[in-house]
Every structure is written in C-alpha cells, then in structure tokens.
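Peer 1: Need a 3D model of the sequence below.
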Amino acid sequence: MRAGTPWRVIWSEGQGADVAGDAIPKGSLGERGAMSQIQDVSLAGAEAQSASRAGDVDAMARRALWGSALGYAMDGFDLLILGFMLSAISKDLHLTQPQAASLVTGTLVGAVLGGFVFGMLSDRLGRVRVLTWSIVLFAIFTGLCALAQGYWDLLTYRAIAGIGLGGEFGIGMALVAEAWPAEKRARATSYVGLGWQFGVLIAALATPILLPLIGWRGMFALGVFPALVAYVIRRKLHEPDVFVAHKAKTTDAAASLRALVADGETTRISLGMIILCSVQNFGYYGIMIWLPNYLSTRFGYGLTQSAVWTAATIAGMALGIFLFGHAADRFGRRPAFLTYMLGAAIMVVVYSQLTAATALLIGGAVMGFFVNGMLGGYGALMSELYPTAARATAQNVFFNIGRAVAGFGPLVVGIVSAAYGFPTAIAGLALLYLLDIVALLALIPERRGVELA
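Peer 2: Below is the predicted model of the structure:
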C-alpha cells in the first residue's frame, strides 16, 4: 500500500469487514511515516469496528443526533417561511418580482459559500465547534432581516444568513455518521434529515397563523432562537472519537478540498455526488417553491388551503426519509436510492395529471415520499465514500453545489410553466430522475457498513 491513496480499504483479518481510512497527502510523508500512519488507521478502525459490532448507541451519539437535527430544523423553517412571506415583503419594501425571487437565490448562493468554508474548517478544527459557529451566524443575520429597510440590506442579510445555513447540513451529517455505529448509520443521518422536514412542517402550519399577527419582521425575529440551540450544542457535545484520532494528523484545511479530486476514482465519485445532490435539490425546490402558487392559481386555494396541501406533501416526505434510512441500512445504499429515484420519476408525472382535491392530497404525499425521501441518505453515503480528513467538506461542498443548481429550479419551472403549463413543468422533472439513476449506477459504489477510521 502506497502513500497518496485518497482512501484505503483495509481487510480486518477474520472479520471480512472494510475499514475506510484517512487520506495520506502525496509527498507529505516518508515511507516510515506512511507505514506508521497506516498502522494507526488500522488500529483505530479495529477499535471502531469492535465498538460498532456491539450496536450500542451511547448518550453522546444521541445528543449529536438531536443537536444536528434541531439545527437543520431551523434551516427548513427559515427557507419555507421566506417563500410564504415574499408577497408581504415585496409589498412593504416595494420590491419587484425579480428582486423578491433573488432573496431566495441570494440565500442559496450564500449557502454554497458557507458549505465550502465551514466544511473545510470543520475537517480542520472540529465538528462541534464549527457547527456552533455556523448556527450562530445563521441566527444573527436571520434576526437582522427583521430590521431591513430596503432591498439591498435585506439581500445582504439573507446572503450572510445563507453562509451559516450552508455549513449546518454537512457538519451535522458528518458528526452523526461518526458517532453512530455502522449498522445504524443511514437511519441516524435520515433522522437528521427529518429535522429539516419538521422545521418545514412547522413553517407550513404556523406561518398562516403568525404572519397576520406579527408580520414578516416578527417572523424573521424568530430566527434568533437557533442561537440557543448552538449554546446547547456547544455545552453538551464533544467531538467523535474518529475525528479526535484524525485531528492530530491534520495538515491544512485546503487538503480536504483537494482530497475530493485526489485521483480518477475519487473524481468520478465526486462527479456522481454532484449530479445526485443537484437533482435532489432541483426537484425539491422546484416543487416546494411553486406548489403553493400552483394550488392557488389552478384550483383557487387560499393560503390556509395551500398550506394544508403543502403540509400533506411534507408529511409524505418525512415518512419517506424515515423509511429510507432503515431500508438503506438493511438492503444497501444503492438499492434504496434506486427505488426512490424510480418512484420519484413516476410520481411527478402522475401528480401532474391529478385534478381532484382528494387525489391531490394523497398524490402530493406519495410524491413527497419519493422526491425528498432520499434526503437523509446522503449523509451516510458520503460519509462512507470519503475519509475523515474530507468528510464534512464533501458533505457541504456537494450538497450545496446541489443547492446552487437548485437556485435555478424555481426559475426553470416558472419559464416552462409559462410556456407549457405547470403540469408539464412538473412532469419534466422525471427526466432529471432518470439522469439520477444513470449517475448512481455508473459512478457511485456501494460501501454499506464500512467503518470510519
């Protein structure tokens, strides 16, 4: 085995289990140093494997899950209430339609930048510390949006809040993946994904009630509460043992970014993950941003009715995420993703043809089940595909590149809707899920159950 390999699979004699090792940067170690590091990684992997076989989920693992899920819930709440409030904000601040739409785009652009920066910092400085920073940044600038006096200061606050938002997904997923045993890893990261759905569901139900009472400024003011979550996370959590063992060997933050394209195989996997994350986010935002408007313009639903129908879709997404994690742990990552991608391709076409109220309610829930049910699986998948030295960076970079692509989702759906109608625009998403399937089968290997060393 040579230095410079982006990750290693070490055979644990007598067990037949794979151990995912850390990266050894090219040219950074002599032969003796490389062999010593490999021995350290093997020992760490053996210890982690022994603990994982016991299947124990300790208190730290549970706290990591709750902290990551709560942070992600705040993200979901914030982004959905923005969609509900665009009309009120535009009226109050005299925004044009493109300016209003750019508030969402600015948030997503900030998330991409935050994904890169906070991902690399997390791989360098620690999951818990950097996750706390990202939540605090998000909370402060979401709260400042309540004080905005015009378009430019509001756009600035949204973009900086997006930077904090961009750091939370990948760091939380890496933290949970490293803290939970291998055989329960996918369900644990799926539970983190449920945090987003919980936040979105609360937003869908609470916004019609709170917005008329406290206005859009009051809704943004609620965004300061994630700072309390950050305080709890900082006090109650500590770094996973896997990361602590790796930290002593850390060189520089940029090394984690270079590790994503360290060789041909890694680059192909990274390309596959960009496609998967882009389709995931494009489909989600393309549907969720436009769904209330579609229900309103085509069927005459008011805000409360649209919120109920949207909530049904979100509930379907939550069930899909929960079951995905269990299926991925039992049958493997690729079979679970393939099933959900096929389901998404079929259901977006079916939903576009529905007209009856009951059918829309049920169909929306089933469509949501498949379209966003894969969300939590990315945390486990990428944790197993990349070493500790680049794990949070991979999660943040790829998922937030997907968010950047998704920024064009509402625009594309809007353009196609104007020309051919919303049903055609939604049905066209099926083609993206077929691309998803090709990328999965051609570029993404199965590494279910590998130990993170």
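
Peer 1: which ones are touching R333?
Peer 2: By C-beta atoms under 8 Å, 6 or more residues apart in numbering, the contact set of R333 is A186, G377, A380, L381, E384, I444, E446, R447, R448. To be clear about C-beta, it is placed using only N, CA and C from the backbone, and glycine gets the same treatment.

Peer 1: same check, this time on A406
Peer 2: By C-beta under 8 Å, 6+ apart, A406 lies in contact with L108, S278, N281, F282, Y284, Y285, G286.

Peer 1: who's in contact with the residue nearest the centre of the chain?
Peer 2: Central residue of the chain (C-alpha atoms, centre = their mean): F169, 4.7 Å from the mean position. Listed by C-beta under 8 Å, 6+ apart, the contact partners of F169 are Y72, D75, G115, Q395, N396, F399, N400.

Peer 1: what do you get if the cut-off is 6 Å, keeping everything else the same?
Peer 2: F169 sits next to F399 when contact means C-beta atoms under 6 Å, 6 or more residues apart in numbering.

Peer 1: and the gap between it and M74?
Peer 2: Per C-beta to C-beta, to the nearest Å, F169 is found 12 Å from M74.

Peer 1: Kindly report the same for L237.
Peer 2: Distance of L237 to M74, given as C-beta to C-beta: 16 Å.

Peer 1: And these two? Which one has more around it.
Peer 2: More neighbours surround M74 than the other of L237 and M74, with 27 against 21 (other C-beta atoms under 10 Å).

Peer 1: So, low pLDDT: which residues of this structure?
Peer 2: Within the chain, the ranges that satisfy pLDDT under 70 run 1-55, 246-253, 288-307, 410, 453.

Peer 1: Burial check on the residue lying closest to A344 once chain neighbours are set aside, number of neighbours?
Peer 2: Once flanking residues are discounted, A344 sits nearest to F370: 4.1 Å by C-beta to C-beta, 6 or more residues apart in numbering. F370 has 24 neighbours, counted by other C-beta under 10 Å.

Peer 1: Give me the distance between F370 and K236.
Peer 2: For F370, the distance to K236 equals 35 Å [C-beta to C-beta].

Peer 1: Tell me which of the contacts of R333 fall in helices.
Peer 2: In this view, the contacts of R333 that belong to helices under DSSP state H are A186, G377, A380, L381, E384.

Peer 1: if we take the residues you listed, which one ends up nearest to Y420?
Peer 2: Y420 has its nearest neighbour among the ones in helices among the contacts of R333 in G377, at 32.2 Å by C-beta to C-beta.

Peer 1: what about that closest one, how many neighbours?
Peer 2: Neighbour count of G377, defined by other C-beta under 10 Å: 26.

Peer 1: Same check on V242?
Peer 2: Residues lying near V242 (other C-beta under 10 Å) number 24.

Peer 1: what are the phi and psi angles of it?
Peer 2: phi -60, psi -40 (degrees, to the nearest 10).
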